[in-house]
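>>> Fold the following and give me the result.
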Amino acid sequence: MTTNPREWAQEAVAQCVASVVRSRRAVRAFKQKPLERKLVEEILSDAATAPSGANVQPWRVYVVTGAAKEELAAALVAASRSGTAPAPAHFPEPLPEVFRARLQDFGARYYASLGIERSDAAARTRQSERNFSFFGAPVGLLISIDRRLKPHSWIDLGLFAQNLMISAKARGIDTCPQVSFAPFHDVIASHVGMSPEEVTAFGMSMGYGDSDAPVNQTAMPRERVQDFARMVGFPE
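Numbers count the residues shown, from 1 in each chain. Next up is the predicted model:
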């Protein structure tokens, strides 16, 4: 262990950041405890320090709470049940086997934590609809991007989202990024007043997670560094 005060402080910061990053997870059950507007604005201010190509800052965020959130949730559930929304296209078909295996593993763990059987389609549908009420979180975020931008700007959007989630977690606030909102852009745009150039990229639930909820206790596995990274040029 170093005795250099500067190195010690740097190591302490590194451990703190690592702890926040590793403790962040997608939370799908929240306490009924409100978030102050000032706190949400502080988190968004941190998120906006994310890098972006040529500093174009392609993100826009619509924050909903209270009656506005409930009205949007009701409209989204109605649209989902109507069957008129475009089919989700999160992944290509056919999905490469390595990714399909992970997707199936996620589904098995997720629904098991909720006590929902694989064959219970009605219960799965009800749980999917909880996405649109932001899983009961007090605050919902809708994140959009200008549809004219190219893929590298969507990478910038991901960097913004990660900053947002880490800043929230550092303050004891939990989040859940949700691509399930994307197919319902028209409903969302009309409720929050998006411009014609924008497209909904994803939504996000934000609030104080219920640590007692089994769904929030389910750990999702991650690949080891040696399985996804190739080190070139380092001494053996």
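>>> Surely Leu76 touches Phe184?
Yes. The pair Leu76 and Phe184 passes the contact test of C-beta atoms under 8 Å, sitting 5.4 Å apart. Any C-beta I mention is one placed from the backbone N, CA and C, and that applies to glycine too.
>>> Now do the shared contacts for these two.
Common neighbours of Leu76 and Phe184, using C-beta atoms under 8 Å, 6 or more residues apart in numbering, are Phe132.
>>> Could I get the buried residue list for stretch 165-180?
Under the neighbour-count criterion of 16 or more other C-beta atoms under 10 Å, stretch 165-180 has 165-170, 173-178, 180 buried.
>>> And the residue nearest to Val179 when sequence neighbours are not counted, its phi and psi?
Excluding its sequence neighbours, the residue lying closest to Val179 (C-beta to C-beta, 6 or more residues apart in numbering) is Phe202, at 4.8 Å. In terms of degrees, to the nearest 10, the main-chain angles of Phe202 are phi -170, psi 170.
>>> list the contacts for Phe202?
Contacts here follow C-beta under 8 Å, 6+ apart; on that basis Phe202 touches Ile143, Ala161, Pro177, Gln178, Val179, Phe181, Ala182.
>>> ok, so of these, who is nearest Phe135?
Minimum separation from Phe135 among the contacts of Phe202 (C-beta to C-beta) is found for Gln178, which lies at 8.5 Å.
>>> low pLDDT regions in this protein?
Within the chain, the ranges that satisfy pLDDT under 70 run 1-2.
>>> ranges for the strands of it?
Chain-ordered strands for the chain, with DSSP state E as the definition, fall at 59-65, 139-146, 174-178, 198-207.
>>> between the last one and strand 139-146, what angle do the directions make?
The directions of strand 198-207 and strand 139-146 differ by 160 degrees, with axes from the mean of the first three to the mean of the last three C-alpha atoms, to 10 degrees as the criterion.
>>> all helices for the protein, in order.
When secondary structure is read from DSSP state H, the chain shows helices at 5-23, 37-47, 66-82, 97-113, 121-129, 151-170, 185-192, 225-228.
>>> Can you lay out those helices as TSV showing distance to Pro235?
Rendered in TSV, the data for those read as follows (distance: least, C-beta to C-beta, whole Å):
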stretch	distance to Pro235
helix 5-23	23
helix 37-47	38
helix 66-82	54
helix 97-113	30
helix 121-129	50
helix 151-170	31
helix 185-192	51
helix 225-228	16
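>>> So which residue is dead centre in the protein?
Nearest to the geometric centre of the chain sits Pro177, at 1.3 Å (C-alpha atoms, centre = their mean).
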